[in-house]
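> no sequence for this one, just the structure:
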């Protein structure tokens with residue numbers, strides 16, 4: 001599927017979202033994409049368009065409200081991350097889901113979530129908060145899910161596991177110094193104890209941010225496999241375009 005359409009949408013007075021969809025009428029499955037700490041930059045516009053080419057209507061809520069940071073500007077990006085409120089992020093995720101629900105080209109019964117870095121944490125959270133609206137969830141190196149101590153001051157999320165319904169795919173880099181093997185274990189233990197459907201995959205030689213091709217941390221082989229696993233996960237649980 002090559003023809004796609006992409007544009008900015010205004011979801012309410014304060015929230016916009018980047019939206020990409022296949023050219024055909026569908027209906028197509030939908031996916032909400034949660035950003036890294038750098039904003040809705042050209043990389044995330046491209047990620048949405050990649051999903052559109054794969055047959056998904058993809059929406060990226062602008063949790064940073066127009067702010068975009070260079071990947072070299074780590075200090076200000078993380079400073080902005082620290083100002084985010086979980087409740088507001090989930091409210092804005094709900095607006096993005098509602099937008100997908102009202103669009104005729106989207107299958108409202110087949111919506112997933114995927115996130116990267118801080119967005120991986122939000123994809124994990126959305127699986128619980130919006131459990132009745134999501135059919136699958138994927139978290140790429142989601143920081144702050146179950147740390148010993150989160151440097152950004154965020155609350156861990158394992159108390160939400162019982163609320164989750166959608167199958168979850170967790171993707172980590174073995175060389176990610178910000179998410180330890182002990183954290184992987186805590187997450188897996190909580191999900192297993194709650195009898196949730198999940199897969200946790202570790203990529204040897206991959207650091208944090210291995211999927212983002214504009215970053216020095218990009219690892220093509222791990223990124224390609226992570227993308228394939230993500231599409232397989234969504235195809236299995238959300239289906240494909242009509």
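Cool, the structure landed. Just so you know, these numbers come straight off a predicted model, no measurement behind them.
> Helices along this structure, start to end?
Assignment of helices within the chain using DSSP state H yields the ranges 42-53, 74-81, 86-102, 118-129, 181-193, 220-238.
> so which of these comes closest to residue 212?
The stretch from these with the least distance to residue 212 (Cβ to Cβ) is helix 42-53; that distance is 5.8 Å. Every residue, glycine included, has its C-beta placed from N, CA and C.
> Distance from the closest one to the middle of the chain?
Helix 42-53 has its average C-alpha position 12 Å from the chain's average C-alpha position, going by Cα atoms, centre = their mean, to the nearest Å.
> Please apply the same query to stretch 98-106.
When distances are taken as Cα atoms, centre = their mean, stretch 98-106 is centred 19 Å away from the chain's centroid.
> on that earlier part again, okay if I get the helices of the chain as a markdown table plus mean neighbour count?
Conversion of those to a markdown table gives the following (neighbours: other Cβ atoms under 10 Å):
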| stretch | mean neighbour count |
| --- | --- |
| helix 42-53 | 19 |
| helix 74-81 | 16 |
| helix 86-102 | 17 |
| helix 118-129 | 26 |
| helix 181-193 | 16 |
| helix 220-238 | 17 |
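> Where is the longest strand in the chain?
Criterion DSSP state E: the longest strand present in the chain is strand 106-116.
> Check which residues of that one are buried.
Going by neighbour count (16 or more other Cβ atoms under 10 Å), the buried part of strand 106-116 is 106, 107, 108, 110, 111, 112, 113, 114, 115, 116.
> Distance-wise, check the residue nearest to residue 82 when sequence neighbours are not counted relative to residue 44.
Leaving out its chain neighbours, the residue that sits closest to residue 82 by Cβ to Cβ, 6 or more residues apart in numbering is residue 152, at 5.1 Å. With the distance defined as Cβ to Cβ, to the nearest Å, residue 152 ends up 20 Å from residue 44.
> just residue 174 next, same as before
Residue 174 sits at a distance of 25 Å from residue 44 (criterion: Cβ to Cβ).
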